[in-house]
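Undergrad: fold the following, please.
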Amino acid sequence: MRIDKYLWCVRYYKTRNMVTEACKKNHITVNGIVAKPSKEVFPTDVITFRKDQITQTITVLDIPDNRVGAKLVDIYRRNDTPAEVYQHLELLKLSKEHYRKAGTGRPTKKDRRDIDDYGNEIYEDEED
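TA: Okay, the predicted model is just below:
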């Protein structure tokens with residue numbers, strides 16, 4: 001089975017076109033070799049790809065006939081990505097939310113004044 005169809009079948013990408021774009025950007029390797037979308041994959045191949053700021057490693061266990069349900073994905077692949085990588089991704093998400101929550105939009109006039117006052121307090125302390 002082609003690499004683009006396989007990664008689409010095991011639900012790592014929503015469309016085959018997204019897999020093709022990732023292959024063109026050299027984000028996907030099979031057994032350590034950069035893969036084109038038409039690269040054939042076989043059981044025991046190790047696929048490494050970069051998605052959502054993490055490098056994931058999976059091992060092909062079997063080839064599905066067509067796209068499988070989310071509950072059946074583990075029959076066809078084994079996820080060899082270390083747990084530390086997922087923890088690092090969680091830390092990245094938390095660090096982005098530290099300053100402002102998602103969906104709050106631009107700072108209001110009051111927020112801007114508070115930020116300016118905070119900066120002025122630091123400079124006033126240094127002058128004393």
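Undergrad: which one is the residue nearest in space to the middle of the chain nearest to, not counting chain neighbours?
TA: Central residue of the chain (Cα atoms, centre = their mean): Asp52, 1.6 Å from the mean position. Leaving aside its chain neighbours, Asp52 sits nearest to Leu89 (7.0 Å; criterion: Cβ to Cβ, 6 or more residues apart in numbering). Heads up, the C-betas are built off the backbone N, CA and C, glycines and all.
Undergrad: OK, contacts around the one you found?
TA: Asp52, Gln53, Ile54 (Cβ atoms under 8 Å, 6 or more residues apart in numbering).
Undergrad: and those residues, which is closest to Asp45?
TA: Comparing the contacts of Leu89 against Asp45 with Cβ to Cβ places Ile54 closest, at 20.0 Å.
Undergrad: that closest one and Val85 touch, don't they?
TA: Yes. Under the criterion of Cβ atoms under 8 Å, Ile54 makes contact with Val85 at 5.0 Å.
Undergrad: where does Tyr12 land in three-state SS?
TA: coil (DSSP: H, G, I helix; E, B strand; the rest coil).
Undergrad: show me where the protein has strands.
TA: Applying DSSP state E to the chain gives strands spanning 28-30, 33-34, 46-51, 54-60, 77-79.
Undergrad: and the angle for the third one with strand 54-60?
TA: Orientation check (axes from the mean of the first three to the mean of the last three Cα atoms, to 10 degrees): strand 46-51 against strand 54-60 gives 150 degrees.
Undergrad: now for strand 46-51, which elements pack on it?
TA: In terms of contacts (3 or more Cβ pairs under 8 Å, 6 or more residues apart in numbering; DSSP states H and E), strand 46-51 is packed against helix 3-9, helix 16-24, strand 28-30, strand 54-60.
Undergrad: across the sheet, point out what pairs with Thr29.
TA: Beta-bridge partners of Thr29, counted by DSSP bridges, are Val34, Thr48.
Undergrad: am I right that it is in contact with Thr55?
TA: No. Counting by Cβ under 8 Å, Thr29 sits too far from Thr55 to count as a contact (9.8 Å).
Undergrad: so what sits against both of the two?
TA: Common contact partners of Thr29 and Thr55 (Cβ under 8 Å, 6+ apart): Thr48, Phe49.
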